[in-house]
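In: could you look at this predicted model? Sequence included:
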Amino acid sequence: MDIKGRILQSLRPRRDGLLLRSDVKSFGSPSQVSAALHSLVEGGQIERLDRGIYAKPAMVMQLGKESLLESAAFKVERLRSQLVHRNKRVRLTLTAQYVRNLAKSKGVLFNPIYVDRWASSVTKLAGDEVKSDPTDDLLVALTRSGKMTPKDMVALVIKHHKDLKRV
């Protein structure tokens, strides 16, 4: 089976209809994968949404390009956090485990919004290096969704960061 066939085969079972270039990079050399993706786009079998992000044309029609790009951004962030966890071999603190389980039971996921990206940019421009970890992000998401009071969130953030210092 050629690279184009393997790409289409890997895209077929995906419910979200999204395909990241990183999903298919193992199918061949970078130039071969680029040529195959370009050929599939030209043939109308997939649609290029942004750099390294492709989707089934039917899903673009159904959900819209912006919605798919938001899903792709979330998917990329999740992949990055998994990679960071794999590389660092992070041991979760008790507070982090509690927050993760609470978010899972409430069905809450962190999805950055415009204000989050703005705050991050302003922080970088100010010369500060403040980075939130997945537990901080989940606490923000729980508070935004109304599942937790701001007072409880602050208490858990403080506890989480104290626990991190001890680990």
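Out: Cool, the structure landed.

In: ok, which stretches of this protein are helices?
Out: With DSSP state H as the definition, the chain shows helices at residue ranges 3-11, 21-24, 30-42, 57-63, 65-88, 94-106, 114-125, 134-144, 150-166.

In: tell me how far the fifth one lies from the chain's centre.
Out: This means helix 65-88. The gap between the average C-alpha position of helix 65-88 and the chain average comes to 2 Å, counting by C-alpha atoms, centre = their mean, to the nearest Å.

In: contact partners for the residue lying farthest from the centre of the chain?
Out: Relative to the centre of the chain, the most outlying C-alpha is that of M1, 30.4 Å out, by C-alpha atoms, centre = their mean. The neighbourhood of M1, defined by C-beta atoms under 8 Å, 6 or more residues apart in numbering, consists of Q9. Every residue, glycine included, has its C-beta placed from N, CA and C.

In: next: G127.
Out: When contacts are counted by C-beta under 8 Å, 6+ apart, G127 is found next to no other residue.

In: and I46, how many residues sit next to it?
Out: Taking other C-beta atoms under 10 Å as the criterion, the count of residues near I46 is 23.

In: read off the pLDDT value for it.
Out: We have a pLDDT of 91 for I46.

In: is it true that it touches L40?
Out: Yes. With contact defined as C-beta atoms under 8 Å, I46 reaches L40; the gap is 4.6 Å.

In: what touches both of the two?
Out: Contact criterion C-beta under 8 Å, 6+ apart; residues shared by I46 and L40: I7, L8, Y54.

In: in terms of mean pLDDT, which of the helices of the chain ranks lowest?
Out: Considering those one by one, the lowest average pLDDT is found for helix 65-88, at a mean of 77.

In: contacting residues around that helix?
Out: 16-18, 20, 22, 49-50, 53, 55, 59-60, 90, 109, 111-112, 134.

In: please point out which parts of it sit buried.
Out: L68, S71, A72, K75 (16 or more other C-beta atoms under 10 Å).

In: confidence score at R91?
Out: The pLDDT attached to R91 in the predicted structure is 66.

In: if I look at G64, how far off is G17?
Out: Between G64 and G17 the computed distance is 12 Å (C-beta to C-beta, to the nearest Å).

In: more neighbours: those two, which one.
Out: Relative neighbour count places G17 above the other of G64 and G17, with 20 against 11, counting by other C-beta under 10 Å.

In: that one and K75, how far apart?
Out: Separation of G17 from K75 (C-beta to C-beta): 12 Å.
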